[in-house]
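>>> Next come a sequence and a model predicted from it.
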Amino acid sequence: MEETRTVDALLGAAWHSAPVGLGVLKLDGCLQQGNQALLQLLGTPLQVPTLEPLTHWLHPQDRDALTYAMKRARHQHADIPCGELRIRGADEAYQWLSTSVSGISASGAEVDHFLIRLSPPRSTQERAELVYLLSFALDFTADGAVLLDDGLNIRYLNESATVLLGQAHRYLLGQSIGQVLAPLALHSDEQLQELVRDQRALNLELNNPIDGTRRHLSVKFTRFHYDRRGYSLALLHDLTEQQRLTETLRHNERQFRALIENTHDAIGRLTPDFRLIYANPALEALCRLPLVEARGRPARDAFGDNSQVDIMADMVREVAQSGTSLEEEMIHGIDGPIDKQLHYLVQLVPERDANGEVTSVLSLARDITNIRKAERRLADSNQQLRELTSRRESAREEERKLIAQEIHDELGQHLTALRMGISMLNLQFGAQAPGLSDAVDGLMQLCDRTIQVVRSIATSLRPAVLNMGLYPALEWLINEFRQHTRIACELTTHSEEPALTDDQATTAFRIVQEALNNVARHSGATRTMVSLERIDGAYRLDIADNGRGFDPGSVNKRSLGLAGMRERGISLGGEVVIFSHPGQGTTVQATLPIKLAEET
């Protein structure tokens, strides 16, 4: 207990004898207790505790500084310097005192009082050092700082200000701000004073008197009082580079807008909920409403309500959600006549903000109507060409069939009659004419060889077995293939004789014939399989070998054998597909729709 009283006595003595003015303030700013140094610095008799807050004795322009410092001290639990404040003494004159505030708590919890500390202002030497330090620091700033007196004449300016103004330091001192900043010369003195009082920010363009270059400056005035005198601080910020970038951006934007406005592609911007934000003239021409009315409204109001617009809306939502681009072909005027429809290749691209969030969707649509018309004309031309080729092949097959029949029937009959006549000649006159038998035998052999040649020609034009059906024709062809090539070949069937017309059976036969020729000439295979089966409403004909294979993509486009098989497949109403890979053999697959075969 005795030790505690000793500590309290020491603290009290230190409090009262401290050379620095110390005081305890309530939360409302009223002085509750102060030491002797504080009362001497204030220089006025005070009844402690005071009934009025300490700000009552402060200069009106300094009261906010103390109030703000008390708020910070209450929340930060730290010593908050207020700088030098003016406090009114007994003679009603103000004196400058260095001031700081810190929060204190009797309970150790929340701040319930403030400790204020007052000390005499800095000496003249200290002030001079601070002024020099401030001037030195300002010379290293990029912005210009110009100090003006109450008459708006320059009292001080840093090095950056002289560079921005393009004149020497000694010339600028004492000049009026209206003379230095040429654009302000158009204002009267009263107007300049009003500009400074309003603390307005101005953007000015200056010509450098030395090199003639132009600078864009931002000038911000700040009004203040010191020692009962008015001053203004003008801060100069160089906007030349920023202005150049702005002009460049505007120029690029004008060029880009001119490009967008004059392109034939329809370009627009949509919100994720499918509202139209922008449309260039090409897109506006497709809208029901002008852009002024359509902007911000649902895109359906501009484009109409049909299946294509529904697809477009779904695509916009998908792009906004996934953040990935989409491309789709769409038809404008799909509900109208075909010759009035416009085909567009539409690409949707997400647009993101600085955080990477999709804010809008950019739509680019290119008119491909002429391309589609050209494709239709080309498809019609190709179809006509295929029909012409099919009719030509049918006519050739019919001619082959007739020629084969004529050769087989007429020429075969004549050769047979000739052989019989030669044989009868030998029987009638062989005994009377020695040596006639040898001549007759030679003629008989010549007739037999001629008959064989005639049969071979007729068969090569059109095998007679083809008249019996596709299966017998394929069996004959495979037997011939085995005999001539010594390559194993098998025929596998999984259905009854297919219900094909004579033209269709002949075309299928020619496909197999061409495929087996390719096997014999190019594959180097040792085994071949031919199969015909009915699968899912179609006949499928496969010719597979175990040869060396090839890359179908590298085959010369002028390969008539492969092209001929494909065209024959198309003429059947189906297709011919070739599967092959180097070292893995080859499969030729022909598909014939049953529906076509049955209808035919």
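Now that the structure is in, tell me what you want to look at. Numbering: from 1, shown residues only.

>>> Which residue would you name as the spatial centre of the protein?
Residue closest to the average C-alpha location in the chain (C-alpha atoms, centre = their mean): residue 349, at 5.1 Å.

>>> Quick one, grab the pLDDT at that one.
pLDDT for residue 349: 94.

>>> Tell me how far the helix or strand hosting it lies from the chain's centre.
Element membership for residue 349, per DSSP states H and E: strand 342-352. On the basis of C-alpha atoms, centre = their mean, to the nearest Å, strand 342-352 sits 11 Å off its chain's mean C-alpha point.

>>> these two touch, right, the residue nearest to the centre of the chain and residue 360?
No: between residue 349 and residue 360 there is no contact under C-beta atoms under 8 Å: 9.8 Å. All C-beta spots, glycine's among them, are computed from the backbone N, C-alpha and C.

>>> Residue 364 sits in which helix or strand?
With secondary structure defined by DSSP H and E, residue 364 is part of strand 358-367.

>>> Residue 356 now?
Under the criterion DSSP H and E, no helix or strand holds residue 356.

>>> That one: neighbour count?
Residue 356 is flanked by 7 other residues according to other C-beta atoms under 10 Å.

>>> how near is it to residue 323?
Separation of residue 356 from residue 323 (C-beta to C-beta, to the nearest Å): 8 Å.

>>> Please work out the angle formed by the directions of the strand holding residue 364 and strand 342-352.
On the basis of axes from the mean of the first three to the mean of the last three C-alpha atoms, to 10 degrees, strand 358-367 is oriented at 160 degrees to strand 342-352.

>>> For strand 358-367, name the packing helices and strands.
strand 266-270, helix 307-322, strand 342-352 (3 or more C-beta pairs under 8 Å, 6 or more residues apart in numbering; DSSP states H and E).

>>> contact partners of the helix or strand that the first one is followed by?
Once strand 266-270 ends, the next helix or strand along the chain (criterion: DSSP H and E) is strand 276-279. With C-beta atoms under 8 Å, 6 or more residues apart in numbering as the contact definition, strand 276-279 has outside contacts at 266-271, 287, 291, 294-299, 302, 360.

>>> out of those, which are buried?
The neighbour-count criterion (16 or more other C-beta atoms under 10 Å) marks 266-271, 287, 291, 294, 298-299, 302, 360 among the contacts of strand 276-279 as buried.

>>> so residue 377 is in which element?
Short version, using DSSP H and E: residue 377 is in helix 369-406.

>>> tell me what that helix is packed against?
By 3+ C-beta pairs under 8 Å, 6+ apart, helix 369-406 packs against strand 342-352, helix 436-461, helix 502-518, helix 560-571.

>>> Please work out which of those is packed deepest.
helix 502-518 (a mean of 21; mean count of other C-beta atoms under 10 Å).

>>> got the angle between that helix and helix 369-406?
90 degrees.

>>> Tell me the helices and strands packed up against the next helix or strand after helix 502-518.
The C-terminal neighbour of helix 502-518 among helices and strands, as given by DSSP H and E, is strand 527-535. Applying 3+ C-beta pairs under 8 Å, 6+ apart, we find strand 527-535 packed against helix 470-485, strand 488-493, helix 502-518, strand 538-545.

>>> Now mean pLDDT and distance to residue 280 too, for these, in a markdown table please.
As requested, the helices and strands packed on strand 527-535 are exported to a markdown table (pLDDT from 0 to 100; distance: least, C-beta to C-beta, whole Å):
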| stretch | mean pLDDT | distance to residue 280 |
| --- | --- | --- |
| helix 470-485 | 86 | 61 |
| strand 488-493 | 87 | 63 |
| helix 502-518 | 83 | 54 |
| strand 538-545 | 87 | 49 |
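
>>> Make a markdown table out of the ones you listed and add distance to residue 176.
Formatted as a markdown table, the helices and strands packed on strand 527-535 follow (distance: least, C-beta to C-beta, whole Å):
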| stretch | distance to residue 176 |
| --- | --- |
| helix 470-485 | 111 |
| strand 488-493 | 110 |
| helix 502-518 | 101 |
| strand 538-545 | 99 |
